[in-house]
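Trainee: pasting a predicted model and its sequence here:
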Amino acid sequence: MPDTVTLEAAGTLPLFTEANWDFGLLRRTYDEIEKIALEELGLDYYPVQIEVITSEQMLDAYAAVGLPLMYRHWSFGKRFAYHETLYRKGLQGLAYEIVINSNPVICYIMEENSMTMQTLVMAHAAIGHNHFFKNNYLFRQWTDADGILDYLSFARDYVAQCEEKYGLEAVERVLDAAHALQDQGVNRYAHRSRPNLGEERRRAEERRAYEEETYNDLWRTVPTPEKAAADPDGTEKQHQEIKRQLGLPEENLLYFIEKRAPRLEDWQRELCRIVRHVSQYFYPQKQLKLMNEGCATFVHYEIMNRLHDRGLITEGSMLEFLHSHSSVVFQPGFDDPRFNGLNPYALGFEMMADIQRICDHPTPEDREWFPDIAGCGDAYGVLRHAWANYRDESFILQYLSPAMIRRFKLFHVTDDAAKPSLRVEAIHDDWGYRRIRTALSKQYDLSRREPDIQVVDVDLTGDRCLVLAHYVHDGVLLDDKTCRSVLRYTAQLWGYAVRLLEIEAATDKVLKTYEAETK
Amino acid sequence: MNIVDRRPNPKGKSLSNRQRFLARARVEVKSAVQDALRKRKVADVAHGEKVAIPSRGITEPVFHHSRRTGKNDIVVPGNKEYVRGDEIPRPQGGGDGGGRDGSPDGGGEDPFEFTLSKDEFLDLFFEDLELPDLVKKSLRDTTAVDLQRAGYTVTGSPSNLSVPRTMRNSMARRIALHRPKLSDIEALQARFDEAKERGASERELAELMALLDRSTRRSKIIPYIDPIDVRYRRYERVPKPNTEAVMFCLMDVSGSMTEAMKDLAKRFFMLLHVFLVRRYRHVDVVFIRHTSTAEEVDEETFFYSRETGGTVVSTALDKMIEIARARYPTDRWNIYGAQASDGDNYGADSSRCVSLLGGEVLSLCQYYAYVEVGDGMGGGLSGLSRDSDLWRAYSEVAPAHQHFAMRRVGDPAQIFSVFHELFAKGGVRA
């Protein structure tokens, strides 16, 4: 890097020496950050749009779950009131930034941040999150970054039109109910893309050709078991056929209701669909909290340090940055009053810094645990690969090193409701490393964290009762109170009674039954 | 990279969401407001309020696992002493062992706390007092306005006609369109007459005649003042800088006043205060309590300390006059009086009250209101069947003074009726 050397020799001036900022300075600083991000870290991201907002606007953005446009609903007002109170009391600072996964990425920064904080925020959100959004496979698969803003603006207008046409209350009833099911309103696995009609015809012809080729009259004479004997009037078969046609079992409850609920009107179906789409948009984020924040934090840490190395930011700014950085990645122990679960910033950042260490300065232990990356010297390459191809659960399972477990002093406890006390299963020792790693990875597995609920049956010929099943693992049932209220909402959308069976996944035994009637 | 300054964008994007939320939680919020009211100071009534409401009506349930069933695996940081196989007593009440659910939507039993704005608070406050909507509006919008010159307009009433501006436009137009001046026409006429006299040729005469005709016609077609020239002075209504007001709260605190009565009185004082604060920039509140003697006290003492003794109302009026004279000259201060009592008075004192009130007090005051509070038994007015001493005495004064109002109040919903009269007259004469 001859450029840098000459600059340093000439005595590079820092980009800024005061806390104040202006638009020109933001741009110059961003250019420097971008240089580092592209040339040294090798990142690849969407174009960026930085938007400067006030703290009130930040509170507004909070309330709309971080999206710049959102349809209207009282729950967002509740969220606003909640955050506003915390903020006014001084219990909670506001986030320095909010970043929206769209193309271009929109990054909100607050006007009252100091210039150091603006630099940090740009490195963190505009570069770090941005790279992650563009590269991680879950975002690529599930999130339509190009279309999200248009869709939200459509959703907002549509909801407003419905309110005008059918009244606030009617719309609110549908939205309340749909919100209750929003966690069950996502597709967890990509469906096979449906071939178009031309494709379908071609395949049908292929099949026929194959049958003609392999036709052998002999097969006709082979006796087949008499199916009718087992199921004399064919009801069972018919039932299975109906279920197949309805696409049961179906894990996306909102989708099923939207498509099949007998009594919904078109606009109500569309509202369900809107809630479902928004929920689906957030689905990857839920599985990537740790990696997303870890990636952004790691990137801002690297960039800030490099800016400092080049003399582009002053010692004072560096200290301000370190103060803020260390409070972001602070992890209190489980017995600390401030403890509120594992801090995704802390764990994510430390794990990535740990990968960097393993790549550059491995210990014998690392060589044994991570033979493929230890000492490879290309930490950024390894990290870029991890950012692109893992989610929280698999990332931990792959990369949580013994050194990290020791550092966080992680331990694994089982809480069996049948026993009077908790039991420590594993601690940070040779015996425990793998067990802790597996248990922690499960803790980040969304399919285990969220209840596994599916539509299993619907009695279309009889009372039209919708049957849901919750597959119980390790004896963990649903929370009784919320389950009943959610079922009431479900029944309201479905229009007829809804039954939920808690089925033990291992044995198919029904443990508990809930039922909700429509009023 | 693109930088956009969004700061000028409108704030309060979530305002309508907030209103929806308040409507949803109406019942809970209202009862919280009621509670808050009891605790507040008179002068604080119009501020925003932090309210805590039970989260019952506003939960957003979703399916989630119960923490009390089955076998859960937990990995947490910060192990200091445990080794494999240790038993840890189960933490009680969502303790440290399991990851706590810190989200606002956790659906716990914790009260949900947030801050109401001033207007939201007042809305709820007034709603309880059953203010008719129209009056509610006038009460909230009562700010004096002044007219201020603000340029010119093409429409307006004749009295606002701006002659210089109109004439200037007219002259510009006349010059631009070459309207012949009267003197030009007269000169032409003179030339024509002169030519006729000296017997000029037919042709010359015809030429002059044509010239004269054209000028005359032109001056008729192009009017001297055209409607498009007319300009009116434009006025804008601007809020008038308000002056200062003082509110005297007089209350009987003798033993016969129960807590419920005092609560009613407090509501009344609060409402008057809200009104004054909206009208005046600065409002002082003076609390005078009396038994058989009167004294000026602070708010806390005024509402919450008990006194024993007789009741001599005139002492309070004396005190009020004394304070007003000493501290609140009428040329600078608008004086409002509000008196609350259960109507008892020492028999011989009533006539003195009448003379004080009808004399000096009412001449000092912009407005004086007397509320007689009852217990609220038997539904208010009908509960007070017998006229009290004070009521009878004040009734003598009332007809002669329009800015004196007296009312009986049995429960909070009636308090407003006192104000009704005030606003029915189109506001206090300031």
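Mentor: Alright, I've got the coordinates.
Trainee: quick one: end-to-end distance for stretch A:459-471.
Mentor: For stretch A:459-471, the first-to-last residue distance is 20 Å (C-alpha to C-alpha, to the nearest Å).
Trainee: going by neighbour count, list what's buried in that stretch.
Mentor: A:465-471 (16 or more other C-beta atoms under 10 Å in any protein chain shown). C-betas here are computed from N, CA, C, even on glycine.
Trainee: which of those residues fall within strands?
Mentor: Those of the buried residues of stretch A:459-471 mapping onto strands are A:466-471, per DSSP state E.
Trainee: let me know the pLDDT of residue 117.
Mentor: All of this is about chain A. You'll see A:M117 listed with a pLDDT of 88.
Trainee: nope, chain B please
Mentor: The model reports B:S117 with a pLDDT of 74.
Trainee: and it, how far from chain A?
Mentor: Going from B:S117 to chain A by C-beta to the nearest C-beta, to the nearest Å gives 10 Å.
Trainee: neighbours of that residue, how many?
Mentor: Residues lying near B:S117 (other C-beta atoms under 10 Å in any protein chain shown) number 14.
Trainee: low-confidence bits of the stretch 51-200 of chain B, can you list those?
Mentor: The stretch 51-200 of chain B contains residues with pLDDT under 70 at B:51, B:54-57, B:92-111, B:125-145.
Trainee: so which residue of it comes closest to chain A?
Mentor: Closest contact between the stretch 51-200 of chain B and chain A, by C-beta to the nearest C-beta, is at B:G78 (2.1 Å).
Trainee: what does that residue show for phi and psi?
Mentor: phi 90, psi 30 (degrees, to the nearest 10).
Trainee: try B:G12
Mentor: Note on B:G12: its backbone torsions stand at phi 60, psi 40 [degrees, to the nearest 10].
Trainee: quick one: contacts for the closest residue to chain B within chain A?
Mentor: Nearest to chain B, among the residues of chain A, is A:G333, at 2.1 Å (C-beta to the nearest C-beta). Shown in contact with A:G333 (C-beta atoms under 8 Å, 6 or more residues apart in numbering or on different chains): A:339, A:409, B:76-80.
Trainee: out of these, who's nearest B:G199?
Mentor: Nearest to B:G199, judged by C-beta to C-beta, of those is A:F339 at 123.3 Å.
Trainee: how near is the closest one to B:E360?
Mentor: Remark: distance between A:F339 and B:E360 (C-beta to C-beta, to the nearest Å) = 69 Å.
Trainee: between those two, which one's more packed in?
Mentor: Remark: of A:F339 and B:E360, A:F339 carries more neighbours, 19 against 16, as counted by other C-beta under 10 Å.
Trainee: these two touch, right, A:Y471 and A:Q454?
Mentor: Yes: between A:Y471 and A:Q454 there is a contact under C-beta atoms under 8 Å: 7.5 Å.
Trainee: what residues does the stretch 301-450 of chain A put near chain B?
Mentor: A:331-336, A:339-342, A:408-418, A:420-429, A:431-432, A:436, A:439-440, A:442-443, A:450 (C-beta under 8 Å from any C-beta of the partner chain).
Trainee: those in strands, which ones?
Mentor: A:411-416, A:421-426.
Trainee: closest to B:S31 among the residues you listed?
Mentor: So of those, ranked by how close each gets to B:S31 (C-beta to C-beta), first place is A:D415, at 38.4 Å.
Trainee: so the closest one bridges to which residues?
Mentor: Residues in a beta bridge with A:D415, per DSSP bridges, are B:N72.
Trainee: surely B:T166 is in contact with B:R233?
Mentor: No: B:T166 sits out of contact with B:R233 when judged by C-beta under 8 Å, with a separation of 10.7 Å.
Trainee: and for those two, which residues touch both?
Mentor: Applying C-beta under 8 Å, 6+ apart, one finds that no residue jointly contacts B:T166 and B:R233.
Trainee: mind listing what's buried in stretch A:446-459?
Mentor: Using 16+ other C-beta under 10 Å as the test for burial, stretch A:446-459 gives A:446, A:448, A:450-458.
Trainee: related to what we said a few turns ago, export the buried residues of stretch A:459-471 to CSV and tack on pLDDT and distance to chain B?
Mentor: Output for these, formatted as CSV (pLDDT from 0 to 100; distance: C-beta to the nearest C-beta, whole Å):
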residue, pLDDT, distance to chain B
A:C465, 88, 19
A:L466, 90, 15
A:V467, 91, 15
A:L468, 91, 10
A:A469, 91, 12
A:H470, 91, 8
A:Y471, 90, 12
